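Asker: model the structure of this input:
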Amino acid sequence: MSFYAGNNNLRIIAAILPALVAVIIYGCGKGNAHYGAKPTVYERPVSTSEALQPQYFERTIQLAGTIRAVCKNEGCWIAVSDGKKTVGVMFRSSAFAAPLDCAGKSVVLEGRMIDRIFNASDVQKFDTEAGDNHDFCLLGEDNCGQKRLRNDKSGNFGGDRRVQVFEAASMTIFN
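Answerer: Here you go, the predicted model:
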């Protein structure tokens with residue numbers, strides 16, 4: 001093999017290599033969808049059961065699970081479960097929304113568990129949006145952390161509810 005023949009092989013490899021790398025990168029990420037801010041946490045994602053533990057409140061974490069329900073109107077909330085506990089997820093500053101057809105898919109979210117107060121009309125809105133799928137934390141399913149806001153002897157929460165929700169800054173859905 002002459003020097004010039006080797007040079008031609010290098011030229012061919014140099015021409016094909018970028019295209020090959022692009023195909024590999026595209027193929028590995030195909031079907032996954034990212035929404036919101038760029039992730040900043042590089043620790044192991046926690047399950048929804050773990051995220052409800054006090055040490056994770058008000059701390060930026062990654063939450064992993066399966067999407068059990070999604071707002072049917074706008075995708076403005078989702079319910080994420082690990083099979084044991086379900087957590088309601090709201091999107092920080094309404095910066096993005098979930099696809100309406102994402103129920104059943106795996107998801108990793110970055111954000112923080114917070115306590116949030118919802119008034120009676122918000123609770124009714126979530127109830128309507130959930131339809132038959134009463135998995136969202138606001139609806140009182142799965143013992144997801146509701147706390148009585150008023151001293152109500154009937155056991156009802158009255159109109160307002162303080163609920164533990166996950167406020168997400170980013171979301172990656174895996175197909």
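
Asker: isn't residue 116 right next to residue 122, touching?
Answerer: No: applying Cβ atoms under 8 Å, one finds residue 116 not in contact with residue 122, separated by 9.5 Å. The C-beta positions use only the backbone N, C-alpha and C, and glycine is treated the same way.

Asker: do a quick rundown of the helices in the chain.
Answerer: 3-29, 48-51, 120-130 (DSSP state H).

Asker: least confident of these, on average?
Answerer: Note on these: lowest mean pLDDT is at helix 3-29, with a mean of 46.

Asker: residue 116: neighbouring residues, count only.
Answerer: The local packing of residue 116 (other Cβ atoms under 10 Å) involves 15 other residues.

Asker: can you check residue 32 too?
Answerer: Using other Cβ under 10 Å, the number of residues around residue 32 comes to 13.

Asker: identify the residue nearest it in space, chain neighbours excluded?
Answerer: Nearest residue to residue 32, sequence neighbours excluded (Cβ to Cβ, 6 or more residues apart in numbering): residue 174, at 5.3 Å.

Asker: tell me the domain ranges of this structure?
Answerer: Following automatic domain parsing, one gets these domains for the chain: 1-30, 34-174.

Asker: confidence-wise, which of those domains is weakest overall?
Answerer: Among those, domain 1-30 carries the lowest mean pLDDT, a mean of 47.

Asker: hang on, residue 97 packs against residue 72?
Answerer: No: counting by Cβ under 8 Å, residue 97 does not reach residue 72; the two are 11.8 Å apart.

Asker: more neighbours: which of those two?
Answerer: residue 97 (17 against 13).

Asker: so what's the nearest residue in space to residue 83 that is not next to it in sequence up against?
Answerer: Nearest non-adjacent residue to residue 83, counting by Cβ to Cβ, 6+ apart: residue 66, 7.6 Å away. With contact set as Cβ atoms under 8 Å, 6 or more residues apart in numbering, residue 66 has these partners: 80, 81, 82, 83, 104, 105, 106, 107.
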